[in-house]
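Chemist: Need coordinates for the below:
(2 chains)
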Protein chains: 2
Amino acid sequence: MNAPVSAIEQLHLELPDLDWITDPNRVARLSQDFSWFSPILKRQLADKRADTVVRPRNEDEIRRLVGACARHRVPVTVRGGGTGNYGQAIPLQGGVVLDMSGYNAFLWARPGVGRAQAGIRLADFDREARPSGWELRCIPSTFRSATLGGLFGGGFGGAGSINYGPLAAPGNVLGVRAMTIEPEPRIVELRGAEALLMHHRYGTNGLVLEIEVGLAPAHSWLEAIVSFDSFDRALAFADAVTAAPGIVKKEVCFLASPIPDYLTSLADHLPSGCHAVLLLVAEFSESTLLELVPAHGGSVTYRKTAAEVQASNRTLVEYTWNHTTLNALKIDKSLTYLQSAFTPGRHLEQVRQMEKLLGGEVLMHAEFQRSMAGETTCSALQLVRYTSEERLDEIIAIYRANGVRINNPHVYTLEGGKAGGVIAPEVIDMKKRFDPQGLLNPGKMQAWPAGA
Amino acid sequence: MNAPVSAIEQLHLELPDLDWITDPNRVARLSQDFSWFSPILKRQLADKRADTVVRPRNEDEIRRLVGACARHRVPVTVRGGGTGNYGQAIPLQGGVVLDMSGYNAFLWARPGVGRAQAGIRLADFDREARPSGWELRCIPSTFRSATLGGLFGGGFGGAGSINYGPLAAPGNVLGVRAMTIEPEPRIVELRGAEALLMHHRYGTNGLVLEIEVGLAPAHSWLEAIVSFDSFDRALAFADAVTAAPGIVKKEVCFLASPIPDYLTSLADHLPSGCHAVLLLVAEFSESTLLELVPAHGGSVTYRKTAAEVQASNRTLVEYTWNHTTLNALKIDKSLTYLQSAFTPGRHLEQVRQMEKLLGGEVLMHAEFQRSMAGETTCSALQLVRYTSEERLDEIIAIYRANGVRINNPHVYTLEGGKAGGVIAPEVIDMKKRFDPQGLLNPGKMQAWPAGA
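Modeler: Model prediction:
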């Protein structure tokens, strides 16, 4: 009768009114994300499980949950839509998964700025903001299920980064409301550069409750596919549309052959073997776009007005960024992918060079965007015909030897990804301040606490 | 009684109902523009006079006037607000000045696109468009008096080119309605690239009646001055604001010491001897801008909200672009100016190099913008302490020797300016098509008709 209870059981006893999820299948599902895109992460992370999942409905529930976890020293892993690809939402040492999807109120939109609770889905945010003429500056291809908190905590940017750069570019995130992980949690509003210290840290250095973001004018976006016979001409077209300052756009995605062949639901619009550029441009820029198409030897093989897109509930955004990978994986399970950042100004040359060196094994998919410094460039989410970890490492080494930066998506630690092995001291200071006990998904940020 | 009448007299007799201006003082004034910024053009053009000026009120009046001019072989020089600096509106061989300022109806604005008659003042266009949430993509500092037709026919861009590049970038002008200069004038709608063949040809290859332009979202623009002790830090700040993709902006103007000292009406906001950056940023980007200021060692010495700007009727736009020159000339009549386009990516280095070589004699004024190819760069409208034509030529030669392009504003022919000596064959074809008799300000485009 007086058998010792576990810390998890104590949480359940102390906070019976919270929305706990304990069904093992649901806990297992809510302990995973889309890191299975990587055969390496799949092997490393497939058995990771939370002990329990909780889905708070308001700030008070979050505060009580976090306070109890701190008192009982239970790890906390924050989860949004679970669309991350590096195990951002996977608890490495069990504990509680804090599913933020129920904490999802849209708070307000003013000209150029909006604010919502972290668990709001990006599609819901945009639906709330658009009547006032504004929308999110950048959305990942997972916008239907991904949350604002997930984008902030583990995302890069997406469609719209062609104008505003990555989410990390100053001005795209204006502030966050964050909670400390302590027995008596404190709540702090962080603004500007300080708020960005919690960006892309996978929820390891603070629990983000609300996010205030810069918004973009919500234009009526025309969606189009332009198909080409030639890799080089398709690439040059994508770059020209991106660079053209008078063409208002949201997305330019270059898919080299044979990637378009994997997009079977668009097969009617993608001639077999073609190279394709998927585009979102403002409807008022269509005539200017169309002048560029014949000049580059392309053909428009798909065209939907904004109204048609809305009525069909199908958007080309869900064929870009990592949805390209998802769609290809549905057809060919042996594929995986890489992520690389090309050098602005040399980006076309580098893309062509990598195609020359690795074409056939690495299938080129480039997303055009502005860099942090505002330069026109592209990054890639190349598909890779996976054979072994060793060969994947060789491919990465070939990229690096050619001056291309690889943001390795086959590593689950914060250090292993974009951070390039080193976490900035300010980020670690933020972790000390917001998570002094090191309870936020221990093992994810290896620099703190030491030896975790 | 039957003394032969001149062609001009015949025009007056045939079209007595037109609004003719014959008072010699008014004709003299309406035969001049702002080319007096250049001591060379002032000397070359000061005595140029139309024989008469006409101010049509509708298309029918324009058609009848043009038809009569063609029949009587009278030169026609089209004039907007007369704010050009290369004698764009100055009749080289007399004839009729066609003052378009009465042909000024705003036609319509739709999302991203607007259309008006050529004689509309840019300020009036924006006043009409803004209630629908849109405004012109770029305006010169002369927007109060300059016309849309003048901007198209003789302008470059201006505030807003930091986003959309020059007016010549595809998408900024979508179409024009133009009239041929023939006994029976024809009216043609030109779209896209074809319309641009009449851009910046000083009205020499077609009479533009209406212009359809791409519009920009009309944000509430905050106006600010940031002052610096250091040339290099002010320049770096201006570049950083320009490049930052998350800061929504309309204007970034760098004025090296001693230029701010010439802006006497802003003296309270410009510490003596300072280097200054004049800015228009969206109000919602202010907090992000302010994070950059201390990082570059600057101080905000002027700040007005959009509402304050509107209430005061003073805008910093009227201290930028060639209004910088105008303001300085009011203080020091010995000044003149140059125009140069720096190389994107090397632009800061080139600005610093030219300051090192010519500082004190050439006063640096750089306007940040996107290039035709979408790159972040700057051009300059440097002030020059004028001594002689020979020295001005030497300065131009020094710039060119350092790889900087000079768009010489001391030459009045089309060939001598940005065209760099050569007029594209398509432009000449357009002239043959729209002005087969060569009546549009003969002498301005020297390539056609041959020997004019």
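Chemist: contacts, neighbours, all on C-alpha from now
Modeler: OK.
Chemist: measure the residue of the stretch 251-400 of chain A found nearest chain B to residue B:165 for me?
Modeler: When scored by C-alpha to the nearest C-alpha, the stretch 251-400 of chain A has residue A:374 as its residue closest to chain B, at 4.7 Å. Computed with C-alpha to C-alpha, to the nearest Å, the distance linking residue A:374 and residue B:165 is 14 Å.
Chemist: Same question for residue A:144.
Modeler: Going from residue A:144 to residue B:165 by C-alpha to C-alpha gives 34 Å.
Chemist: who's more crowded, these two?
Modeler: residue B:165 (30 against 14; other C-alpha atoms under 10 Å in any protein chain shown).
Chemist: Apart from its neighbours in sequence, what residue is nearest the more buried one?
Modeler: Counting by C-alpha to C-alpha, 6 or more residues apart in numbering or on different chains, the nearest residue to residue B:165 once its immediate chain neighbours are dropped is residue B:370, at 4.5 Å.
Chemist: Thought residue B:376 was touching the one you found, still the case?
Modeler: Yes - Residue B:370 is within contact range of residue B:376, at 4.6 Å (criterion: C-alpha atoms under 8 Å).
Chemist: Would you tell me what the next helix or strand after the helix or strand hosting residue A:328 is?
Modeler: Residue A:328 is part of helix A:321-331 when elements are defined by DSSP states H and E. Using DSSP H and E, the helix or strand that directly follows helix A:321-331 along the chain is strand A:335-337.
Chemist: Run the chain-centre distance for that following strand.
Modeler: 17 Å (C-alpha atoms, centre = their mean, to the nearest Å).
Chemist: Skip ahead from it and say which helix or strand is next.
Modeler: strand A:340-341.
Chemist: quick one: strands adjacent to that next one?
Modeler: Strand A:340-341 has its sheet partners listed here by DSSP bridges as strand A:376-380 (antiparallel), strand A:405-406 (antiparallel).
Chemist: How many residues are close by the nearest residue to residue A:385 once chain neighbours are set aside?
Modeler: Closest residue in space to residue A:385, ignoring its immediate chain neighbours: residue A:335 at 4.8 Å, by C-alpha to C-alpha, 6+ apart. Around residue A:335 there are 22 other residues, counting by other C-alpha under 10 Å.
Chemist: so who does residue A:335 touch?
Modeler: A:328, A:329, A:383, A:384, A:385, A:386 (C-alpha atoms under 8 Å, 6 or more residues apart in numbering or on different chains).
Chemist: Quick check: residues of chain A near chain B?
Modeler: Residues of chain A lying close to chain B by C-alpha under 8 Å from any C-alpha of the partner chain are A:111-113, A:163-165, A:169-172, A:174, A:192-193, A:214, A:217, A:240, A:243-247, A:284-285, A:287-288, A:291, A:370-376.
Chemist: Name every strand pairing with the host helix or strand of residue A:215 and say which way it goes.
Modeler: Following DSSP H and E, one finds residue A:215 within strand A:207-217. Here strand A:207-217 has these sheet partners by DSSP bridges: strand A:113-117 (antiparallel), strand A:134-136 (antiparallel), strand A:173-179 (antiparallel).
Chemist: chain center to the first one, what's the gap?
Modeler: Its chain's C-alpha centre lies 18 Å from the corresponding centre of strand A:113-117 when counted by C-alpha atoms, centre = their mean.
Chemist: Okay, buried residues for it please.
Modeler: A:113, A:114, A:115, A:116, A:117 (16 or more other C-alpha atoms under 10 Å in any protein chain shown).
Chemist: before we move on, what about the longest one?
Modeler: Judged by neighbour count using 16+ other C-alpha under 10 Å, the buried positions of strand A:173-179 are A:173, A:174, A:175, A:176, A:177, A:178, A:179.
Chemist: and the residue lying closest to residue A:259 once chain neighbours are set aside, how far is that from residue A:313?
Modeler: Closest residue to residue A:259 apart from its sequence neighbours, by C-alpha to C-alpha, 6+ apart: residue A:363 at 6.8 Å. Applying C-alpha to C-alpha, the value for residue A:363 to residue A:313 is 28 Å.
Chemist: can you check residue A:285 too?
Modeler: From residue A:285 across to residue A:313, the span is 22 Å (C-alpha to C-alpha).
Chemist: between those two, who's got more neighbours?
Modeler: Shown here are residue A:285 and residue A:313; by other C-alpha under 10 Å, residue A:285 has more neighbours (22 against 8).
Chemist: could you pull out the helices for the stretch 101-250 of chain A?
Modeler: A:122-129, A:148-154, A:161-164, A:192-196, A:231-243 (DSSP state H, counting those that start in this stretch).
Chemist: Adding mean pLDDT, mean neighbour count and distance to residue A:423, write those out as CSV.
Modeler: Output for those, formatted as CSV (pLDDT from 0 to 100; neighbours: other C-alpha atoms under 10 Å in any protein chain shown; distance: least, C-alpha to C-alpha, whole Å):
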stretch, mean pLDDT, mean neighbour count, distance to residue A:423
helix A:122-129, 98, 20, 28
helix A:148-154, 97, 28, 15
helix A:161-164, 98, 28, 24
helix A:192-196, 97, 19, 14
helix A:231-243, 98, 22, 32
